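> coords please:
(chains A and B)
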Amino acid sequence: MSSILTCKNLSKSFGSKQALNNINLNIEKGRIIGLLGPNGSGKSTLIKLCNDLLKPTSGELQIMGRTPGIETKKVVSYLPERTYLNDWMKVSEIIQMFQDFYQDFNIEKAYDMLKRLNVNPNERLKTLSKGTKEKVQLILVMSREAQLYLLDEPIGGVDPAARDYILDTILGNYQENATIIISTHLISDIERILDDIIFLKDGQVVLTKSVDEIRDENGKSVDSLFREVFKC
Amino acid sequence: MSWDLKSDRPIYSQLIEQIEIKICSGIFAPGSKLPSVRELAQEAAVNPNTMQKALSMLEEHGLLYTNRTSGRFITEDIKMIQQAKQKLAQEQISEFLEKMKSLGLNKTETLSIITTMLEEAKK
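Take a look at the predicted model:
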């Protein structure tokens, strides 16, 4: 199987603080991967490097054999940890903007998901609750027919019922060969949809394994293993 | 149709077990077409790759077969389904017997409780 994302000796420092330290990763196509680690372990830094929002201090990161930039952004759909949308815009206007912006945006899919999640397209973003805003953002991201989805904390702010629906949305809407990387610490909610997990600790990869291997070898869930590895 | 998945065992092996149960109980009828991997995965809220793995293993065991053009089907071999049923029943019963043992009941005592309960259920 060919890889979609590779990191070689990747490091990133902010001044004297080392956020990522010599990361080596090889992520294959068609997998759903959980990027897991405690607060400040480097999850968001890694995702931002994939999106060209940060530059590596040393080492390299490639998406489909290319350094992150305009070309990779065409195939990468990114859900940032914070919203960047203008909140005076209506949901329908934002959808129109995405339609203009991304070649792979599927507008029917977007409206279909809005309907199922009970979001009114004529409302302005600033009138929506925090959870509903998150739903809108996820809908925008999952409506693209991308190769790589990078979801930074996609379910943090929504209620458990909507969480199930969102996981359902993720499962139902990604392309067969696309890869999804989900960063989160709500592990028990998402572990049944994951193929593999990456544990990050203090900017280093401490474990990469498949979920079934973990359950087979350790006889415990990823959630309990996480609590053990990262015991405070 | 519900899927009850525990968090301490591999998901694919639990999927295999539950599909076997669905086949034995007739929810998936012999010879009928199975929903697609994606549909099943979504229904069980699991990763499609995991569902795929479970289905290929069931295929290896012979409970499912693939028709190249029209999808995946449940076996029509009733004998094989009977065998699967037998196997599942035995697993359940040995688990139950273990529990009775840990309660300090011997085989005769266990059996007598079962018999009494069955008699009462008849009334």
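> how about the closest residue to A:K130 other than its chain neighbours, secondary structure?
Closest residue to A:K130 apart from its sequence neighbours, by C-beta to C-beta, 6 or more residues apart in numbering or on different chains: A:G157 at 5.1 Å. C-beta coordinates here come from the backbone N, C-alpha and C atoms, glycine included. With DSSP: H, G, I helix; E, B strand; the rest coil as the basis, A:G157 sits in coil.
> same for the helix or strand containing B:E91, what does it pack against?
Take DSSP states H and E as the rule and B:E91 turns out to sit in helix B:78-102. Under the contact criterion of 3 or more C-beta pairs under 8 Å, 6 or more residues apart in numbering or on different chains; DSSP states H and E, helix B:78-102 touches helix B:11-24, helix B:107-122.
> redo that, cut-off 6 Å
Judged by 3 or more C-beta pairs under 6 Å, 6 or more residues apart in numbering or on different chains; DSSP states H and E, helix B:78-102 is in contact with helix B:11-24.
> so what does the helix it packs on touch, helix or strand wise?
Using 3+ C-beta pairs under 6 Å, 6+ apart: helix B:11-24 touches helix B:48-61, helix B:78-102.
> Try it again at 10 Å.
helix A:211-218, helix B:37-44, helix B:48-61, strand B:71-74, helix B:78-102 (3 or more C-beta pairs under 10 Å, 6 or more residues apart in numbering or on different chains; DSSP states H and E).
> Could I get the buried residue list for the helix or strand bottoming out on mean pLDDT in chain A?
When the helices and strands of chain A are scored by mean pLDDT, DSSP states H and E, helix A:160-173 comes last with a mean of 80. By 16 or more other C-beta atoms under 10 Å in any protein chain shown, the buried positions in helix A:160-173 come out as A:162-163, A:165-167, A:169-171, A:173.
> can you check stretch A:2-20 too?
Applying 16+ other C-beta under 10 Å to stretch A:2-20 flags A:4-7, A:10-12, A:18-20 as buried.
> so who does B:L55 touch?
B:L55 makes contact with B:12, B:15-16, B:19, B:34, B:37, B:40-41, B:63-64, B:66, B:72, according to C-beta atoms under 10 Å, 6 or more residues apart in numbering or on different chains.
> rewinding a little: starting at the chain centroid, how far to the helix holding B:E91?
Centroid displacement of helix B:78-102 relative to its chain, using C-alpha atoms, centre = their mean, to the nearest Å, is 10 Å.
> pLDDT at the residue in chain B that chain A sits nearest to, what is it?
At 3.6 Å from chain A, B:S7 is the closest residue in chain B, using C-beta to the nearest C-beta. B:S7 is assigned 78 on the pLDDT scale.
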